[in-house]
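Engineer: Predicted model and sequence below, questions to follow.
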Amino acid sequence: MYVAHLSLHDFRSYPTVEVEIGPGITSFVGRNGQGKTNLVEAIDYLSRLSSHRVSADAPLVRQGAAQAVIRAAVVRDERRAVLEVEINPGRSNRARVNRSPLPKARELLGLVRTVVFSPEDLALVKGDPAERRRFADDLLTQVSPRYAGTRTDYDRVLKQRNSLLKTAGVARRGGASADSALSTLAVWDNRLAELGAEIMRRRMQLVEDLTPLVGKAYEAVARGATRDDATLSYRPSFEIEGDDLEEQLLRAIEARRRDELDRGLSLVGPHRDEIALSLGDLPVKGYASHGESWSFALALRLASYDLLRATGDDPVLILDDVFAELDTGRRAQLADLVADAEQVLITAAVPDDIPAQLHGRRFTVADGLVTADD
C-alpha cells in the first residue's frame, strides 16, 4: 500500500498544493517553516484522523479559511482509491471515498495506515503517562478501527460522569441532598466499567504483542543491547485480581467514591493507567541516558511498524525530521531497518541529513512551492 498523490486545500500553510509521490523513498527537503512537515502530517491525519503535532484540529486550517481538505490517492494491490477528509473545526468532519460520502468520518480509519518517527517521540519515554496511553490507543485504532468508537464512547461517559461528580460534590459540601446525582451516577459507573474494561483488555493484549517486537528493535538500534533489555508492562490504576475486569473496575470505582466526590474527578479507569517502559530492572524515565531514550523511542516505532505489517498491508513510514536528532550510527541503523518498506516519506532541513541508504526521489519545499528535483 502506498500514497500515489496528495492534494491539499487550505491545510496548514498551503492554499492549495498537488504532489505526485509513488512507492519507494521520497524526501521533502527545505528550511524550517517552509511546510515540508505539513505534507506528511496530512497523510498521517488521513490514517488516524488526528495530528502527531497538535491535539486539536483548528491549527490545521489555514488562517482565514473555514475548513481544510486533505485528499489522497492510495494504491493497494494495484487498485486505486481516493480518500478525502474535510476538516471543520468546531463541527463534524466529513469524509469521502471515491467522492462518495461516508456516514461518519471515522469510517475512513484503516484505509491507509502510517507509522511516524518524529522529534516528539522522546515524549513517549520521557513524558507523562498520557503520551504512552495515546501511543497505545493510536496503534490500536490502526490495528482495529472499531476501537476508535470504544474510545469515543468512553470519553463521552467519562466527561458526563465527571460533571455528575462535581454536581454531587458541591451539593454535599453545601449541606444539600446529593441523592439525585448519586443515583444517576450509578448508571454511568456501570457504563464506565463496561467500556473501561474493554479498553484495558485491548491495551493489555497490545503490550503483550508489542513487547517482543520492542526488544528485537531495541537490540537493532542500541549498541551492545540484547532483545531482553527493553520491556513494557501495563499498570492499571487499581489492583487486579482475577479475570473479570469489568467487575473489578466497578468495585474499584465504588471504593474511591468519597475521594472522587471530594475532587470532582473520576480517579479509576484506563484514563489513569500507565504503560511502563523499562531497561533491565530500571524504568526508562528518569534513568535512561539521552541516547538510550532515543533508542527506546525508535524501538517503539519500529515495533509498531512490525505489528501493523503482520496484521495487514505495509504501513506508510514517515520519518519527520528525525535524522537531525540522531547521531551517525543511529541514522545508519534506522536507515537499514526501514529501507525495504513499500513507501518511506522523509522530511529534512538539508540533504546531508538523509543517509545514503535512503536516497530516492526528492522534492524541494520553499516559499509555499513543492518542486521535484530532476
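Structural biologist: Received the coordinates, thanks. These numbers were taken from a predicted model, which means no experiment stands behind them.
Engineer: mind listing what the strand or helix carrying Val344 pairs with, with the direction of each?
Structural biologist: Assigned by DSSP states H and E, Val344 falls within strand 343-348. If you go by DSSP bridges, strand 343-348 pairs up with strand 24-29 (parallel), strand 316-320 (parallel).
Engineer: For the first one, which residues meet the burial criterion?
Structural biologist: I take that to be strand 24-29. Across strand 24-29, burial judged by 16 or more other CB atoms under 10 Å covers Ile25, Thr26, Ser27, Phe28, Val29. Every residue, glycine included, has its C-beta placed from N, CA and C.
Engineer: What of stretch 150-159?
Structural biologist: Thr150, Arg151, Tyr154, Val157, Leu158.
Engineer: How about stretch 360-374?
Structural biologist: For stretch 360-374, by 16+ other CB under 10 Å, it's Gly360, Arg362, Phe363, Thr364, Val365, Val370.
Engineer: And the pLDDT at the first one?
Structural biologist: You'll see Gly360 listed with a pLDDT of 91.
Engineer: can you list the strands paired with strand 343-348 in CSV and add mean pLDDT?
Structural biologist: CSV is the format used below for the strands paired with strand 343-348 (pLDDT from 0 to 100):
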stretch, mean pLDDT
strand 24-29, 96
strand 316-320, 96
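Engineer: Among those strands, which comes closest to Ser293?
Structural biologist: Evaluated with CB to CB, these place strand 316-320 nearest to Ser293, the distance being 17.9 Å.
Engineer: Buried residues in the next helix or strand after the closest one, which are they?
Structural biologist: Using DSSP H and E, the helix or strand that directly follows strand 316-320 along the chain is helix 328-338. Of the residues in helix 328-338, Arg330, Arg331, Gln333, Leu334, Ala335, Leu337, Val338 count as buried by neighbour count, 16+ other CB under 10 Å.
Engineer: between helix 328-338 and strand 316-320, how many degrees?
Structural biologist: 160 degrees (axes from the mean of the first three to the mean of the last three CA atoms, to 10 degrees).
Engineer: follow-up on the earlier one: would you turn the strands paired with strand 343-348 into JSON lines with distance to Gly215?
Structural biologist: Converted to JSON lines, the strands paired with strand 343-348 look like this (distance: least, CB to CB, whole Å):
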{"stretch": "strand 24-29", "distance to Gly215": "27"}
{"stretch": "strand 316-320", "distance to Gly215": "20"}
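Engineer: To Arg80, which of these lies closest?
Structural biologist: That would be strand 316-320 among the strands paired with strand 343-348, by CB to CB, at 15.2 Å.
Engineer: Alpha carbons of the closest one, as PDB, please.
Structural biologist: Output in PDB follows, covering the C-alpha atoms of strand 316-320 (Å, rounded to 0.1, in the frame of the first residue of the first chain):
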ATOM      1  CA  VAL A 316       3.500   4.200   5.100                       C
ATOM      2  CA  LEU A 317       6.600   5.000   7.000                       C
ATOM      3  CA  ILE A 318       7.100   8.700   7.800                       C
ATOM      4  CA  LEU A 319      10.500  10.000   9.100                       C
ATOM      5  CA  ASP A 320       9.700  13.600  10.000                       C
END
